[in-house]
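Undergrad: When you get a sec, could you give me coordinates for this:
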Amino acid sequence: MNPAEIAREAFRRLATRRIAPTPSAYREIYNEIAGISEPADSPAVPAAVLAASAPTESGAENVLTQFASKMSESTGELGDFGRRFQRALKARDWDSYARTLAQLAEKQVKKGGIELPPLPDGEQTRTLRELLSRTLGFAVATLLTGTPALVEEAESLGAAIKLAHTEEALNEAALRLKQLCYQIELKSGDTAEQQELLLRLFKLLLDNVSQLLDDDSWLRGQVDAVQNLIAGPLDQRALEDATRSLKEVIYKQSQLKHSLSDVKLTVKNMMMTFIDRLGQVAASTGDFHEKIGGYSEKISQAENISELNNVLDEVLRETRMVQNEALRARDKMVLARQEVQDAEQRIHTLEAKLQHMSELVREDQLTGSLNRRGLDDVFERETARSDRRGTPLCIAMLDLDDFKRLNDTYGHLAGDAALKHLVKIVKETLRSMDVIARFGGEEFLILLPETTVDAASSTMTRLQRELTRHFFLHDNEKVLITFSAGVALRLPNEDQAELVKRADRAMYQAKQTGKNRVVVAD
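TA: Okay, here's the model as predicted:
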């Protein structure tokens, strides 16, 4: 052991043995540790040797003084101990110094013992503490709405972290944060389970409503759109688009339905008028028969030709009146019938408009092409026709090249305009029987009925040339946009998912081999 280590051990033993740290006591303990024997009757030991092997009384006091001074420079409880040592040194009260040293040894520098000084609080530390405090107090607390206990704990922990300047405070905050995360995890699991149960309940309700809508096809379109939306992964943009589309459809349908109700009320009123007219005709005819009976009695009682002529004039007059009433009733009935027919035609027109409004939920709101639901309906219809007639059916999967770079360079509005430009060129170039649907993002699927795979590939190449010829203009700047395509011929009894998967692989192969190309699927 070197002298410094021996000196530290000497102080420790003085404290544990509760011996006053006088220079002589310190020197004795020091010699004991160093293994130096100094017999009382042996004055022959040179003073130089003793001075080299152990500190003198003045040297020991100097060490104690330096130790007290070093301790007093510390902060917190360590500084208090240092100042107590200095007071004992000043009074040369070695017993007090020994007691203080013993108390210091018993406390030890550890958690729960001596109060540690605050941790260094630099600019980055303060910033991180502030960010964590705000995250817990505002963001996390907001997300925990509905669980007041967790909200209160998050806010309290945020405030505690903001004021945590010691290692002990930070350790305590870390334990609380760990427990809070565990509680949030439990709550998230419960919330996800509740959402799943609500979706199942909503789906069951929609299924039951759908079974009751055999004749109400305009409402069925909206129900089917919501069913398809909740069947797949929930996407915020898809939810917003569907909500906006359904709001527009519901508003227009409410107007048409109100008009339809007015027309039906008109028909009801006309039928009531028609029945009233029939009643009047029947009443007039009954009166006529009664009068005819009276005239018969007058004829039988007539005694000359003059009386008979008078009776005959009355009969002819009554007959003409009945005839005129019948003609008026007939004309009104014919007019009522025409009005009923006109009203029925208006009803059919309004119902057709309602059906068209329902079809709007099958379209992509941005580009005007079909959406996934519309594509599924058309694919089912065309595959059934293809199987029935034995005609080929092809699809082409398109993806705009470098679409991300287009968005980054010109903005998302330009990207949306480019998608609409592509759909416009496709509709102008292809046949009316061909259908384009937005499959997702910048991907589109084109359905080509009664088309061989070679013809479908040639059609996509021709479409690429048309897109190159018709520049996309953004702020009067010509921007060249191209696409890569994969073409696939439907195999016998192949479902939509497998067919799309093959076309998608061919499209990615076109991307990897240089873009702006058409690849036929295996």
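
Undergrad: Can you tell me which helix or strand of the protein has the lowest average pLDDT?
TA: In the chain, the helix or strand scored least confidently by mean pLDDT, DSSP states H and E is helix 47-53, which has a mean of 41.

Undergrad: immediately after that one, which helix or strand?
TA: Beyond helix 47-53 on the C-terminal side, the first helix or strand identified by DSSP states H and E is helix 57-72.

Undergrad: Which strands or helices does that following helix pack on?
TA: helix 23-34, helix 77-90 (3 or more CB pairs under 8 Å, 6 or more residues apart in numbering; DSSP states H and E). Just so you know, the C-beta spots here come from the backbone N, C-alpha and C atoms, and that holds for glycine as well.

Undergrad: Would you reformat the ones you listed as TSV and include distance to E314?
TA: Listed next are the helices and strands packed on helix 57-72 as TSV, based on distance: least, CB to CB, whole Å:
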stretch	distance to E314
helix 23-34	159
helix 77-90	135
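
Undergrad: Just send these back as CSV, with mean pLDDT, distance to L375 and mean neighbour count too.
TA: Output for these, formatted as CSV (pLDDT from 0 to 100; distance: least, CB to CB, whole Å; neighbours: other CB atoms under 10 Å):
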stretch, mean pLDDT, distance to L375, mean neighbour count
helix 23-34, 80, 91, 18
helix 77-90, 80, 75, 17
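
Undergrad: Quick check: M460 touching M397?
TA: No: taking CB atoms under 8 Å as the definition, M460 is not a contact partner of M397, at 9.9 Å.

Undergrad: What ranges does the stretch 401-522 of the chain have for its strands?
TA: Here the stretch 401-522 of the chain has its strands, by DSSP state E, counting those that start in this stretch, at 435-440, 443-449, 472-474, 477-479, 483-489, 518-520.

Undergrad: now the fourth one: mean pLDDT?
TA: Across strand 477-479, the average pLDDT comes to 88.

Undergrad: what comes up buried for that strand?
TA: Going by neighbour count (16 or more other CB atoms under 10 Å), the buried part of strand 477-479 is V479.

Undergrad: what comes into contact with that strand?
TA: 406, 410, 414, 418, 471-473 (CB atoms under 8 Å, 6 or more residues apart in numbering).

Undergrad: So among these, where is pLDDT lowest?
TA: Note: of the contacts of strand 477-479, the lowest pLDDT belongs to F471, at 84.

Undergrad: give me phi/psi at the nearest residue to R490 once chain neighbours are set aside?
TA: Excluding the flanking residues, the one nearest R490 by CB to CB, 6 or more residues apart in numbering is L393, at 4.5 Å. Dihedral pair for L393: phi -140, psi 120, per degrees, to the nearest 10.

Undergrad: For stretch 491-502, C-alpha coordinates in PDB please.
TA: Extracted in PDB, the C-alpha atoms of stretch 491-502 (Å, rounded to 0.1, in the frame of the first residue of the first chain):
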ATOM      1  CA  LEU A 491     -56.800 -18.400 -66.400                       C
ATOM      2  CA  PRO A 492     -59.800 -20.700 -66.200                       C
ATOM      3  CA  ASN A 493     -61.600 -20.300 -62.900                       C
ATOM      4  CA  GLU A 494     -58.900 -18.000 -61.600                       C
ATOM      5  CA  ASP A 495     -60.100 -15.600 -58.900                       C
ATOM      6  CA  GLN A 496     -59.500 -11.900 -58.800                       C
ATOM      7  CA  ALA A 497     -56.800 -12.000 -56.100                       C
ATOM      8  CA  GLU A 498     -54.600 -14.500 -58.000                       C
ATOM      9  CA  LEU A 499     -55.000 -12.600 -61.300                       C
ATOM     10  CA  VAL A 500     -54.100  -9.300 -59.700                       C
ATOM     11  CA  LYS A 501     -51.100 -10.900 -58.000                       C
ATOM     12  CA  ARG A 502     -49.700 -12.100 -61.300                       C
END
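
Undergrad: Identify the residues contacting it?
TA: 376, 379, 383, 395, 397, 439, 445, 486, 488, 490, 521-522.

Undergrad: Serialize those to a markdown table and add fields for pLDDT, neighbour count and distance to Q301.
TA: Listed next are these as a markdown table, based on pLDDT from 0 to 100; neighbours: other CB atoms under 10 Å; distance: CB to CB, whole Å:
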| residue | pLDDT | neighbour count | distance to Q301 |
| --- | --- | --- | --- |
| D376 | 89 | 16 | 88 |
| F379 | 93 | 22 | 89 |
| T383 | 93 | 19 | 89 |
| I395 | 96 | 27 | 96 |
| M397 | 96 | 29 | 101 |
| F439 | 90 | 22 | 97 |
| L445 | 96 | 25 | 95 |
| G486 | 96 | 27 | 105 |
| A488 | 96 | 27 | 101 |
| R490 | 95 | 23 | 95 |
| A521 | 93 | 21 | 105 |
| D522 | 85 | 8 | 109 |
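
Undergrad: just to revisit the earlier point, what's the overlap in contacts for M460 and M397?
TA: Common neighbours of M460 and M397 (CB under 8 Å, 6+ apart) are A485.

Undergrad: Would you mind pulling the contact partners of stretch 98-105?
TA: Against stretch 98-105 from outside (CB under 8 Å, 6+ apart): 11-12, 14-16, 18-21, 81, 84-85, 88.

Undergrad: In space, what's closest to F403 - neighbours in sequence excluded?
TA: Closest to F403 by CB to CB, 6+ apart is E442, at 4.2 Å.

Undergrad: Next, the contact list for the one you found, please.
TA: Applying CB under 8 Å, 6+ apart, we find E442 in contact with 399-400, 403, 415, 419.

Undergrad: Try it again at 10 Å.
TA: 398-404, 406-407, 415, 418-419, 422, 481, 483 (CB atoms under 10 Å, 6 or more residues apart in numbering).

Undergrad: Now for these: which two are most distant?
TA: Distance extremes for the contacts of E442: the farthest pair is L398 and N407 at 17.3 Å, using CB to CB.

Undergrad: okay, these two: which has more neighbours?
TA: Higher neighbour count among L398 and N407: L398, with 26 against 16, using other CB atoms under 10 Å.

Undergrad: host element of the more buried one?
TA: strand 393-400.

Undergrad: do the same with E153
TA: Going by DSSP H and E, E153 is part of helix 148-162.

Undergrad: Can you name every helix or strand that that helix contacts?
TA: Secondary-structure packing of helix 148-162 (3 or more CB pairs under 10 Å, 6 or more residues apart in numbering; DSSP states H and E): helix 123-134, helix 141-143, helix 167-211.
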